[in-house]
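Okay, here's the prediction I keep looking at, along with the sequence it came from:
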Amino acid sequence: MKRTRQKKNVPVDASAKQAEPEESGDLTELVSVSDGPEESGSSPDISYQNKDIASKIFAEGLREKSLRVYGISSSRITKVLPTNLPAIEVNELRMDNLFQMEDGSYALIDYESGSRSKDKIKYINYIARTLKRLYDAGIRFPKIRMIVIYTSNVKHVKTVLDIGSLRLQIEPGYLSGIHTEEVFQKISKKAESERNLEDDELMELIILPLTVENREEQRILLRKCVSLAQELEEREKQIFAVSGLVTFADKIIDEEFSKNVRRWIQMTKVGMIIEREKQEAIKQAVEEEREKQRQLQEQQRQLQKQLQEETERSRRDIWILRSLLNGCTVAEAAEAFGVTEQEVIELKG
């Protein structure tokens, strides 16, 4: 299967699968890429622009998430990195997402619904371009991981390509190990009762439609999972889960449903922005009111302090005058009350 430089998805011909078993399978990457011209007569399932919106939202949402539910160890994502990778060849692959992991390594994450030997050539290109970009940025030969997540119809792949001068090692994650019905019941029960899911549960939910092999069953489960995600209480989790579902399910989702879901994503994002602006306005108003109250309290403290000082000064003056009436000299009164003789004379005045 070939894909366009505009990220169009081309359906796989069934006869091609039978003729070449090892190289069969649709390709839908978590880090969306394109790797060649479109086949004549093919048509995309969804538009690149709509797909790109969902995949970017999903990629941003992956920050701080772990891939352990897919069988990938020690892989919490900490950064979503820009992908202005240097071109090595004119028709080179285009990569959309690059991640920095918790342990400081960098990860290219690919999603496959089939196992093909030539995919490893594509992975070598990804790694070479990423390595050059990092090297040019002053990061000398970091650890780069090639993570490949396989759908339910793939049970085992050869993870090493050794050509003598170069050895490629991929890290596979097999969705075939996920018990679909058990996971769905667990997640749906929690979502319905608490309207909330933890990060690992969100990661399970977004991949769940691809843990079954039958295409129609995949579509039915996808709709159920999208509905479930839309019922979550937190808007951010809603957006992440739904965008992840349509990104992963790019190959099985029908165009009309895809448009409706992406329209919902955009409207929800707009709603989130409006709500965020309202909350910011409320927060600013509260802060301004608090500042006014603080200034008023400070003024009251200053007035109280001034009144107290004037009261103490009046009492002192009365005692000075009394001491003079009782026969004290100006010098004695000044010394006794800690004032100057001139102040006593003016007071006596």
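Here it is on my side, so go on.

what residues are up against the spatially most central residue of the chain?
Nearest to the geometric centre of the chain sits Gly61, at 2.9 Å (Cα atoms, centre = their mean). Listed by Cβ atoms under 8 Å, 6 or more residues apart in numbering, the contact set of Gly61 reads Glu236, Ile239, Phe240, Ser243, Gly244. (Each C-beta comes from the backbone N, C-alpha and C, glycine too.)

Give me the distance between Leu166 and Ile178.
33 Å (Cβ to Cβ, to the nearest Å).

Lys292 too?
Counting by Cβ to Cβ, the gap from Lys292 to Ile178 is 57 Å.

Quick check: phi and psi on Ser165?
Dihedral pair for Ser165: phi -80, psi -10, per degrees, to the nearest 10.

Please read the previous query as pertaining to Gly327.
Per-residue torsions, Gly327: phi 100, psi 0 (degrees, to the nearest 10).

Need the pLDDT of it.
Model confidence at Gly327, given as pLDDT, is 83.

ok, how many other residues are close to it?
7 (other Cβ atoms under 10 Å).

How about Leu108?
For Leu108, using other Cβ under 10 Å, the count is 23.

hang on, the earlier thing: out of the contacts of Gly61, which end up buried?
Buried members of those, counted by 16 or more other Cβ atoms under 10 Å: Ile239, Phe240, Ser243, Gly244.

hang on, the earlier thing: out of the contacts of Gly61, who's nearest Asp162?
The nearest member of the contacts of Gly61 to Asp162, counting by Cβ to Cβ, is Gly244 at 34.2 Å.

quick one: the helix or strand harbouring the closest one to chain centroid distance?
If you go by DSSP states H and E, Gly244 is part of helix 235-248. Averaging C-alpha positions (Cα atoms, centre = their mean, to the nearest Å) puts helix 235-248 11 Å from its chain's average.

How about stretch 222-230?
The chain centre lies 20 Å from the centre of stretch 222-230; the measure is Cα atoms, centre = their mean.

Check stretch 196-212 too.
Worked out by Cα atoms, centre = their mean, stretch 196-212 lies 16 Å from the chain centre.

and what of stretch 64-71?
14 Å.

For stretch 195-212, list every residue counted as buried.
Neighbour-count burial for stretch 195-212, counted by 16+ other Cβ under 10 Å, picks out 197, 199, 201-212.

All the helices of the stretch 51-200 of the chain, residue numbers only.
Here the stretch 51-200 of the chain has its helices, by DSSP state H, counting those that start in this stretch, at 119-136, 180-194, 199-207.
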